[in-house]
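Engineer: pasting a predicted model and its sequence here:
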Amino acid sequence: MDPLDALTEIAYLLERERSSRYKSKAFRTAAAAIEGLSDAQLRDPSLRRRAGIGESTFAVIQQALRGEVPERLATLRAESAPTGGAELRAQLKGDLHSHSEWSDGLTPIETMVDAARGLGHEYLALTDHSPRLTVANGLSPERLRAQMDIVRGHRVDGFTLLSGIEVDILDDGALDQEDELLRALDVVVASVHSKLRMERGPMTKRLVAAASDPRVDVLGHVTGRLVEGARGTRPPSEFDAREVFAAAAASGVAVEINSRPERQDPPDDLLALAIDAGCLFSIDSDAHAPGQLSLLDFGAARAEALQVPVDRIVTTWPLERLRAWLERGR
């Protein structure tokens, strides 16, 4: 096995299981450190003293050179094998919610693009955070314009990088970015990140305003809940789901099926209400690292189990149909 491929795949799988970012970074750093080296150089014991190579990564390199699947990689592969949802997963053509190092993602845009292409995606929306979320290095209007220029200049045959944003829904339902920019972007995912325990009435008005906004395409992780993971748990926000989903259905805004296992948002009962309301859906990874793009497996499994109508899942649509929907409110 190629040592560079082994190190990169381990980093990818660590990202998929949402391990500490320092673990995945160590394997990506080691991969960069050995790129271009010959097998003889990789076998030399002095490699261990090279910057970026540690005991674990050195062991992976040596096992790969012996033609073995490194133990660490074999374990991660076994643990990450998807269960269920394969039929729907095969129909997903892209992802409308992802982050890069421009906000709180771990890697450059191009690394996210390479991973998306590796999964067979036809398109990926880059949706870094908006200014108010300073803890996530949210993009000012000036930084967002600079990023949009990069996205517009991106050209890869058979793949489309869409410009986007995960924009904060402010307390009154307004959106945390300039109107001109929101209308110029390909994809706008609107999410609540603050005052998640707001009283039911005001929270309902807040979400209805976003779901009714012609600039919004996707209502992101609508309850804000956390059910597992390093950040602990958090209860869902309280709101009138029927009213919110009715507004989304009326305006053609998709309800996100957030694929992150720690979110599983919306919960099953609310997802059933959104189906009954006639909503569109977007199965998204909310990836903050390349390996997390494959979390779509989990979203597909939930959607398939709950019998979400496939034709109402916008991320199963080909790019031409998707673009027509995205341009409806611009």
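Structural biologist: Nice, thanks for sending it over.

Engineer: so where does residue 164 fall, helix or strand?
Structural biologist: Applying DSSP states H and E as the criterion places residue 164 in strand 160-168.

Engineer: in the protein, which helix or strand is least confident?
Structural biologist: When the helices and strands of the chain are scored by mean pLDDT, DSSP states H and E, helix 71-80 comes last with a mean of 90.

Engineer: report the buried residues of the following helix or strand past that helix.
Structural biologist: Next along the chain after helix 71-80, taking DSSP H and E as the criterion, comes helix 86-89. Neighbour-count burial for helix 86-89, counted by 16 or more other C-beta atoms under 10 Å, picks out 88, 89. C-beta: built from backbone N, CA, C; applies to glycine.

Engineer: repeat for stretch 270-283
Structural biologist: By neighbour count, and taking 16+ other C-beta under 10 Å as the criterion, the buried residues in stretch 270-283 are 270, 271, 273, 274, 275, 277, 279, 280, 281, 282, 283.

Engineer: now do stretch 162-175
Structural biologist: Neighbour count says stretch 162-175 has 162, 163, 164, 165, 166, 167, 168, 169, 170, 173, 175 buried, by 16+ other C-beta under 10 Å.

Engineer: for residue 282, grab phi and psi.
Structural biologist: Backbone torsions for residue 282, taken as degrees, to the nearest 10, come to phi -130, psi 110.

Engineer: surely it is in contact with residue 255?
Structural biologist: Yes. If you go by C-beta atoms under 8 Å, residue 282 and residue 255 touch, sitting 7.5 Å apart.

Engineer: quick check: neighbours shared by these two?
Structural biologist: Counting by C-beta atoms under 8 Å, 6 or more residues apart in numbering, the residues touching both residue 282 and residue 255 are residue 218.

Engineer: among the buried residues of stretch 270-283, which one lies nearest to residue 24?
Structural biologist: Nearest to residue 24 out of those is residue 283 (C-beta to C-beta; 23.4 Å).

Engineer: are we agreed that the closest one is in a helix?
Structural biologist: No. Counting by DSSP: H, G, I helix; E, B strand; the rest coil, residue 283 is not part of a helix but strand.

Engineer: which residues does it contact?
Structural biologist: Neighbouring residues of residue 283 by C-beta under 8 Å, 6+ apart: 92, 256, 257, 259, 296, 299, 300, 303, 313, 315.

Engineer: how about residue 253?
Structural biologist: Contacts of residue 253 (C-beta under 8 Å, 6+ apart): 211, 212, 213, 216, 217, 218, 219, 247, 279, 280.

Engineer: hmm, residue 250 and the second one touching each other?
Structural biologist: Yes. Applying C-beta under 8 Å as the test, residue 212 and residue 250 come out as touching, 7.4 Å apart.

Engineer: mind checking how far the closest residue in space to residue 307 that isn't next to it in sequence is from residue 269?
Structural biologist: Leaving aside its chain neighbours, residue 307 sits nearest to residue 275 (7.6 Å; criterion: C-beta to C-beta, 6 or more residues apart in numbering). Using C-beta to C-beta, to the nearest Å, residue 275 is found at 11 Å from residue 269.

Engineer: residue 92 now?
Structural biologist: Relative to residue 269, residue 92 is positioned 24 Å away (criterion: C-beta to C-beta).

Engineer: and the two? Which one has more around it.
Structural biologist: Using other C-beta atoms under 10 Å, the more surrounded residue of residue 92 and residue 269 is residue 92, with 26 against 9.

Engineer: ok, the more buried one - contacts?
Structural biologist: Listed by C-beta under 8 Å, 6+ apart, the contact partners of residue 92 are 283, 296, 300, 313, 315, 316.

Engineer: before we move on, back to that, restricted to strands, list the contacts of residue 283.
Structural biologist: Among those, the members found in strands (DSSP state E) are 256, 257.

Engineer: for residue 179, state which of the contacts of residue 283 is nearest.
Structural biologist: Proximity of the contacts of residue 283 to residue 179 (C-beta to C-beta) peaks at residue 256, which lies at 22.3 Å.

Engineer: what's around residue 120, how many residues?
Structural biologist: Residue 120: 12 surrounding residues under other C-beta under 10 Å.

Engineer: if we can go back for a sec, let's see if you can find the most crowded of the contacts of residue 283.
Structural biologist: Top of these by neighbour number is residue 299, holding 32 neighbours under the definition other C-beta under 10 Å.

Engineer: quick check: phi and psi on the nearest residue to it once chain neighbours are set aside?
Structural biologist: Take residue 299 and drop its neighbours on the chain: the residue closest to it by C-beta to C-beta, 6+ apart is residue 259, 3.1 Å away. Main-chain torsions, residue 259, degrees, to the nearest 10: phi -80, psi -10.
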